[in-house]
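J.: coordinates only, sequence not included:
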């Protein structure tokens with residue numbers, strides 16, 4: 001055979017091999033044995049009476065998850081004996097940190113110039129709401145910003161052999177509970193108040209190992225009352241669930 005023809009035939013054979021095709025055409029590569037995966041993580045905050053929470057938690061756990069406990073909470077919600085106060089969800093890649101939030105920024109003063117000397121301070125009140133001062137109000141000299149709303153930070157890692165997810169997460173619920181009045185200035189029918197906002201926070205910061213697709217109860221918290229202080233008459237049960245999402249399925 002002509003040497004030139006032999007070289008052309010050998011080149012065609014090389015171009016026909018899978019290795020060469022994969023270098024010239026990236027879409028000709030064979031699919032990997034383990035397809036790409038990500039994790040969807042969801043957190044639920046379910047509020048209920050403290051007595052109901054105690055009754056549910058008194059039942060021994062009989063499995064590696066809290067599916068039965070979550071089902072009982074769903075019945076309570078349907079019957080109007082419990083309510084979902086927040087539900088947060090975010091998708092993340094294994095080993096990476098992800099955040100989802102819905103907030104509004106509340107800017108508030110943190111420091112004021114000193115007012116005049118007090119002239120009327122009630123001594124019989126446990127938490128005096130108002131203090132009358134003798135001088136005119138002073139302007140604020142420092143401010144801060146508080147993110148009011150919900151925030152969900154998640155880091156997930158998928159086990160190499162089992163449908164198990166290792167989670168580190170921090171869901172936050174921040175509420176502007178009330179505004180505390182620290183001083184009041186009155187003169188000629190004009191009233192000026194010096195006040196500070198009060199915030200109430202529900203937060204969980206922990207790490208857990210969960211089975212994919214199954215709910216797990218991770219914390220019990222105490223919500224705020226109508227006046228913005230902690231109440232012991234109700235509890236908030238916090239559930240976490242992680243779902244492994246495999247591409248191509």
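T.: Good, I have the coordinates. Since this is a predicted model, take the numbers as computed values, not measurements. Numbers count the residues shown, from 1 in each chain.
J.: which element is residue 45 on?
T.: Secondary structure assigned from DSSP states H and E places residue 45 in strand 37-49.
J.: Just the mean pLDDT for that strand, thanks.
T.: Confidence for strand 37-49, expressed as mean pLDDT, is 95.
J.: Likewise for stretch 153-165?
T.: Per-residue pLDDT over stretch 153-165 has a mean of 92.
J.: burial of the residue nearest to residue 64 when sequence neighbours are not counted, as a residue count?
T.: Leaving out its chain neighbours, the residue that sits closest to residue 64 by C-beta to C-beta, 6 or more residues apart in numbering is residue 211, at 5.9 Å. No exception for glycine: its C-beta is placed from N, CA and C like everyone else's. When neighbours are defined as other C-beta atoms under 10 Å, residue 211 has 18 of them.
J.: Kindly report the same for the one 3 residues further on.
T.: Using other C-beta under 10 Å, residue 214 has 16 neighbouring residues.
J.: Can you classify residue 77 by secondary structure?
T.: In three-state terms, and counting by DSSP: H, G, I helix; E, B strand; the rest coil, residue 77 is helix.
J.: Just the helices from the protein, written as ranges.
T.: Counting by DSSP state H, the chain forms helices over residues 3-15, 18-24, 50-58, 67-78, given from the N-terminal end onward.
J.: which other helices and strands contact the third one?
T.: With contacts defined as 3 or more C-beta pairs under 8 Å, 6 or more residues apart in numbering; DSSP states H and E, helix 50-58 has these neighbours: helix 67-78, strand 234-246.
J.: picking up where we left off before, can you tell me the strand partners of the strand holding residue 45 and which way each runs?
T.: strand 83-92 (antiparallel), strand 234-246 (antiparallel) (DSSP bridges).
J.: Now do the contacts for the closest residue to residue 53 other than its chain neighbours.
T.: The spatial neighbour of residue 53 that comes closest, neighbours along the chain excluded (C-beta to C-beta, 6+ apart), is residue 235 at 3.9 Å. Contacts were defined as C-beta atoms under 8 Å, 6 or more residues apart in numbering; by that measure residue 235 touches 47, 48, 49, 50, 53, 220, 221, 222, 223.
J.: Neighbour count and distance to residue 68 added to the residues you listed, as TSV?
T.: Written out in TSV, the entries for those read as follows (neighbours: other C-beta atoms under 10 Å; distance: C-beta to C-beta, whole Å):
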residue	neighbour count	distance to residue 68
47	19	20
48	20	16
49	14	20
50	14	21
53	20	15
220	15	17
221	17	21
222	17	24
223	18	24
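J.: Tell me which two of those sit farthest apart.
T.: When the contacts of residue 235 are compared pair by pair using C-beta to C-beta, the two farthest from each other are 49 and 221, 14.1 Å apart.
J.: For the residue lying closest to residue 45 once chain neighbours are set aside, give me its contacts.
T.: Spatially, and ignoring its direct neighbours in sequence, residue 45 is nearest to residue 86 (4.5 Å; C-beta to C-beta, 6+ apart). Shown in contact with residue 86 (C-beta under 8 Å, 6+ apart): 43, 44, 45, 150, 171, 173.
J.: Neighbour count added to these, as a markdown table?
T.: Below are the contacts of residue 86 laid out as a markdown table (neighbours: other C-beta atoms under 10 Å):
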| residue | neighbour count |
| --- | --- |
| 43 | 24 |
| 44 | 21 |
| 45 | 22 |
| 150 | 21 |
| 171 | 26 |
| 173 | 23 |
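J.: Which one of these is nearest to residue 103?
T.: Proximity of the contacts of residue 86 to residue 103 (C-beta to C-beta) peaks at residue 150, which lies at 7.1 Å.
J.: show me what contacts that closest one?
T.: Applying C-beta under 8 Å, 6+ apart to residue 150 gives the contacts 86, 88, 101, 102, 103, 171, 172, 173, 174.
J.: Try it again at 10 Å.
T.: Contact analysis of residue 150 by C-beta atoms under 10 Å, 6 or more residues apart in numbering lists 43, 45, 85-88, 100-103, 171-175, 202.
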